[in-house]
Each structure stands twice: as structure tokens, then as C-alpha cells.
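>>> Sequence first, predicted model second:
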Amino acid sequence: MSNRGSQSIDRLTADQIAQFKRDGFLVLKAILDPTLCLQARDDMWETIEAYLPRMKRDDPSTWTAITEEEGAELRAQRPEGGGDPYFSGGGHQFFIRNGASELMLNLAPRAMWRVAEQLLGKGAVVWPAGLDESGYTTGPCFMCDDAVGSLDTHLGDSMGYPSKGSFSTEPALRLPRTGPVWLNGQGTRGLYCTLPNSPSHSPHYTGAHSDGPCYGTWRLQMSAYISDVPPNCGGFTVWPESHSRIWEEQWKAFKAGEKHTDKHLALRNAGGYTDPVIGQIKKDTQPFDCHGPAGTVILWHTKILHIAGQNTSNDVIRQATIYGFKKTPESLPDPLAVDDTDGDIWRDWSDEVRV
């Protein structure tokens with residue numbers, strides 16, 4: 001079912017690569033297929049009509065926060081075969097777990113494929129094949145503690161979390177369509193949406209974080225807007241140049257024996273939300289609001305500090321999908337996935353990036 005003939009975005013220029021390395025992110029405005037973006041918006045509203053019909057597409061006054069009662073009812077609708085509810089949410093956010101659909105894959109990850117291979121290496125990136133005929137996805141997953149925890153959280157079946165991961169690659173992890181299909185590289189996270197008039201993050205940005213652990217096979221991620229996201233409307237918000245600082249400090253902590261999931265520690269240096277380095281970055285670095293029209297893509301180093309911005313509008317729903325390009329097990333074997341001996345943040349990237 002995979003489609004390698006989908007639209008392909010042009011490769012980056014040398015200046016764009018240099019900017020990405022320096023800042024840790026790159027905004028590419030309106031580069032995705034507008035027809036697919038429109039189709040994704042139509043599908044979103046069809047889903048809302050089915051699950052939360054009090055929200056009307058042509059009436060922004062109905063785009064209000066999801067109540068506790070509504071959220072509980074949505075969360076109860078887990079598929080029998082495991083996975084997240086197809087539509088869920090609470091407060092000013094809602095999620096649609098359609099990331100393994102052909103539409104979402106063609107819209108974003110497959111469209112950005114040439115760029116991903118340009119940055120991570122030809123033949124070194126897991127291809128997002130999506131669903132097989134039985135409605136499942138199959139792909140490799142580095143089974144660290146974080147992955148085991150995500151499987152437990154998103155599949156709905158107890159898998160023993162916080163049991164320890166094996167820190168080895170499962171070459172063919174099989175997951176249902178609304179499961180954590182981003183773990184095996186076969187789907188995006190679906191649609192992440194922020195309703196109008198969302199609460200302010202200031203002054204502490206407590207929800208700002210750096211995705212996942214420093215170890216593993218993720219290096220490059222993307223956020224793609226399927227609708228216009230004007231300034232201050234919930235856009236992907238980053239702290240420029242924070243990727244290299246967090247990378248260095250989290251690897252130091254990991255080498256000293258600390259895991260990203262060590263919640264028992266009073267002070268964590270590899271926790272992703274409360275690391276001292278993250279607190280310092282918030283103090284000395286101004287966050288940047290990545291706004292843009294429909295079809296805009298933000299490429300980002302997986303360790304950059306980020307958050308979904310506050311949506312101060314009255315009539316905009318921030319609509320985005322998120323995907324992490326995974327290195328193949330052949331290009332990043334398990335011993336290297338947990339090793340950063342030389343401290344080079346660009347070791348696992350293409351020669352074009354490294355030079």
C-alpha cells in the first residue's frame with residue numbers, strides 16, 4: 001500500500017542545511033500539496049462531526065474547550081484490538097489518530113522523503129509503508145524504557161510499564177492503526193489540534209520539553225500544518241540552538257547511569273521536562289513561534305526544546321501532524337544507538353550535513 005510516487009519536496013540548499021544545524025530547526029513555508037491539505041481538513045471535520053458534533057465547521061463560536069465529561073466519553077472509546085481512541089481530547093486540545101492512513105503519509109512524511117534522506121543518509125531512513133491488508137503496521141523499534149512505556153500507554157493493554165526495555169531493536173514490531181505507529185516509523189502521530197483561546201504558557205512554559213531520550217534511532221522530526229497557522233495561533237514553538245545544549249547534557253547524564261525515565265530521582269538531568277539545562281535555556285533564550293500558511297513544514301532536531309504555542313485567536317484551530325524519521329537498524333546499529341563517545345551531535349547524519 002506504500003506509495004513512493006507521491007509528491008516529493010526539493011532537496012535543501014547548503015544555506016538551509018547550515019541554518020538547520022545552527023538553529024536546530026528550519027521553517028519551510030507552504031511546500032506541501034494544497035489539495036492533500038484540503039482533503040486532510042475535510043477528513044478532520046468529518047471526524048469531528050462523528051465524535052463531537054456540537055463543533056460546527058462554519059461557526060467558530062462552537063470551537064470551545066472540551067469538557068471533562070466529553071473527554072471521559074471520548075477516552076472510553078478505545079478500539080477492541082488495542083490502540084488509542086481514534087478521536088480524543090480535553091481542554092483546548094484534541095487528537096485524531098489517523099497517522100498511518102495513506103492520506104497523512106502521502107501528505108507529509110513521504111513528501112519529505114528526499115529531504116529526510118538528504119539529511120540522514122541515502123538508504124538510512126525507515127520508509128513509512130503504513131498499514132498492511134490486516135490493518136496493522138510493521139517496522140523496527142529500538143526497545144528502550146521509553147518505547148516500552150509508550151506501548152503500554154497507547155495500546156491500552158498492560159505491558160508491565162515501568163518495566164525496563166531491552167535496549168535492542170525489535171526488527172518487526174506490529175502495531176494496530178491507532179497504536180503508537182510512530183514508534184516503528186510507520187505513521188505520524190495523527191492530527192494534533194489546539195482550539196482557540198487556549199491558556200497562556202507564560203511565564204514558565206512548564207510543558208516545554210525535549211522529545212524522548214538522547215539514545216535511540218530518532219534524529220530528525222517534522223511538524224506539518226494542514227491549515228493556516230498565523231502568528232500566536234498555537235504554532236510549533238522552539239528555543240533556537242537548544243538542541244546542542246540538551247544533547248550534550250542528556251548524554252552526560254546517560255553515561256553516568258541516568259535514564260530518561262528515571263522518575264524516582266529528585267533531580268534529573270535527562271528527564272526532558274525538568275532538566276537543569278532546560279531551565280537555563282528558558283531563562284536565556286527567547287522562544288520562536290513557527291507560524292505559516294497551510295502546507296508549512298518545520299524540520300527540527302529531535303532534541304530541540306519545544307512546545308505547542310498558545311492559540312490566542314478566536315477563529316483558528318491549529319492543525320498539525322508530527323512525524324519522526326527513524327534511522328534504519330543497519331545504518332545505526334544498537335551499540336551505536338546507545339553510544340556518544342565522541343560527543344558529535346551530527347555523527348549519525350549524512351556526509352552532506354556533517355561537512
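Perfect, thanks for sending it. These figures come from a predicted structure and were not determined experimentally.

>>> what about the helices in the stretch 1-150 of the chain?
14-23, 34-51, 68-75, 102-107, 113-120, 145-155 (DSSP state H, counting those that start in this stretch).

>>> closest one to residue 81 among those?
Among the helices of the stretch 1-150 of the chain, helix 145-155 comes nearest to residue 81, with 9.4 Å by Cβ to Cβ. (Each C-beta comes from the backbone N, C-alpha and C, glycine too.)

>>> buried sites along the closest one?
Of the residues in helix 145-155, 145-152, 154-155 count as buried by neighbour count, 16 or more other Cβ atoms under 10 Å.

>>> for stretch 48-57, same thing?
For stretch 48-57, a neighbour-count test (16+ other Cβ under 10 Å) marks 48, 51-52, 55 as buried.

>>> hang on, the earlier thing: just the closest of the buried residues of helix 145-155 to residue 262, please.
Nearest to residue 262 out of the buried residues of helix 145-155 is residue 145 (Cβ to Cβ; 8.6 Å).

>>> So for stretch 247-260, mean pLDDT?
Across stretch 247-260, the average pLDDT comes to 95.

>>> Please enumerate residues in contact with that stretch?
144-146, 210, 212-215, 265, 268-272, 275-277, 301, 303, 338, 340, 343, 345 (Cβ atoms under 8 Å, 6 or more residues apart in numbering).

>>> Check stretch 40-58 too.
Residues contacting stretch 40-58 (Cβ under 8 Å, 6+ apart): 62-63, 66, 70, 74, 77, 86-87, 94, 96, 98, 103-104, 107, 191, 193, 226-227, 319, 321.

>>> Just the buried residues of those residues.
63, 66, 70, 74, 86-87, 94, 96, 98, 104, 107, 191, 193, 226-227, 319, 321.

>>> Go through those residues and flag which are in strands.
Residues of the buried ones among the contacts of stretch 40-58 located in strands (DSSP state E): 87, 94, 96, 191, 193, 319, 321.

>>> In contact with the residue lying closest to the fourth one once chain neighbours are set aside, which residues are there?
It stands for residue 191. Among residues not flanking residue 191 along the chain, residue 96 sits closest, at 4.2 Å (Cβ to Cβ, 6 or more residues apart in numbering). Each residue near residue 96 by Cβ under 8 Å, 6+ apart is listed here: 44, 47, 86-87, 190-191, 193.

>>> List the contacts of residue 19.
residue 26.

>>> which residues in this protein form strands?
Going by DSSP E, the chain shows strands at 25-28, 87-90, 93-96, 136-142, 169-176, 191-194, 218-225, 236-238, 288-290, 297-301, 306-308, 318-326.

>>> Export these to a markdown table and append columns for mean pLDDT and distance to residue 113.
Compiled in a markdown table, those are given as follows (pLDDT from 0 to 100; distance: least, Cβ to Cβ, whole Å):
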| stretch | mean pLDDT | distance to residue 113 |
| --- | --- | --- |
| strand 25-28 | 98 | 14 |
| strand 87-90 | 98 | 28 |
| strand 93-96 | 98 | 23 |
| strand 136-142 | 97 | 15 |
| strand 169-176 | 96 | 21 |
| strand 191-194 | 98 | 20 |
| strand 218-225 | 97 | 11 |
| strand 236-238 | 98 | 21 |
| strand 288-290 | 98 | 21 |
| strand 297-301 | 98 | 12 |
| strand 306-308 | 97 | 23 |
| strand 318-326 | 98 | 9 |
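
>>> In CSV: the ones you listed, plus distance to residue 352.
Formatted as CSV, the strands of the chain follow (distance: least, Cβ to Cβ, whole Å):
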stretch, distance to residue 352
strand 25-28, 14
strand 87-90, 40
strand 93-96, 35
strand 136-142, 24
strand 169-176, 26
strand 191-194, 30
strand 218-225, 13
strand 236-238, 23
strand 288-290, 24
strand 297-301, 14
strand 306-308, 25
strand 318-326, 15
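
>>> Looking at those strands, spot the one closest to residue 244.
When the strands of the chain are compared by Cβ to Cβ, strand 297-301 sits nearest residue 244, at 8.3 Å.

>>> who does the closest one touch, helix- and strand-wise?
strand 25-28, strand 218-225, strand 236-238, helix 242-255 (3 or more Cβ pairs under 8 Å, 6 or more residues apart in numbering; DSSP states H and E).

>>> Can you check which of those gets nearest to residue 282?
helix 242-255 (9.2 Å).

>>> so that closest one versus strand 297-301, what angle?
40 degrees (axes from the mean of the first three to the mean of the last three Cα atoms, to 10 degrees).

>>> so residue 173 makes contact with residue 185?
No: using Cβ atoms under 8 Å, residue 173 makes no contact with residue 185, being 9.5 Å away.
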